[in-house]
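Engineer: Give me a 3D structure for the following:
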Amino acid sequence: MGTYTPKLDEKGRLFLPAKFRDALAEGLVITQGQDNCLTVWPEQTFMAEAARAQATPMTNKDARDYRRVLFAGAEQGTPDKQGRIGIPTFLRASAGLERDVVVVGVGDRVEIWSPARWEEYSSGAQAKFAELDESPSD
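Structural biologist: As a prediction, the model looks like this:
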């Protein structure tokens, strides 16, 4: 949980917020996420998601598309002793990442956003959230 605003270093490495380091210390997978961000999964969580994706039939076009995006850009790794993870150039480009980033805890994973994309997404999501209203059933 939480939102953080660390910076990428000159080599494209991200200092993970301390809060996320333990969950990712045993291994992680970083890949393209939905909504033009990157997703960092604990390796075991990614493997469970991969198994779920692979259980869908290849005859389903949406399932094929999802698998391609999920696996094509996936990079395995572990944080270094300083808690940094390297983000490959092609993944940084796909998410529009430069020096400043927004790191968001999303339950079982971490998302990495460009500040502009996060602001655009977040403002729209906040408006929808404010409009949620569960009316009691009659």
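
Engineer: next one: phi and psi at residue 32?
Structural biologist: phi -70, psi 140 (degrees, to the nearest 10).

Engineer: Can you report how many residues neighbour the closest residue to it other than its chain neighbours?
Structural biologist: Once flanking residues are discounted, residue 32 sits nearest to residue 73: 4.5 Å by CB to CB, 6 or more residues apart in numbering. The C-beta positions use only the backbone N, C-alpha and C, and glycine is treated the same way. Neighbours of residue 73 under the rule other CB atoms under 10 Å: 18.

Engineer: tell me the centre residue of the protein?
Structural biologist: Nearest to the mean C-alpha position of the chain, by CA atoms, centre = their mean, lies residue 39 at 1.6 Å.

Engineer: Make sure that one is indeed in a helix.
Structural biologist: No. Under DSSP: H, G, I helix; E, B strand; the rest coil, residue 39 sits outside any helix and is assigned strand.

Engineer: and it, what pLDDT?
Structural biologist: pLDDT recorded at residue 39 is 95.

Engineer: How about residue 134?
Structural biologist: pLDDT, residue 134: 62.

Engineer: And for residue 111?
Structural biologist: We have a pLDDT of 96 for residue 111.

Engineer: try the one 5 residues further on
Structural biologist: With respect to pLDDT, residue 116 scores 93.
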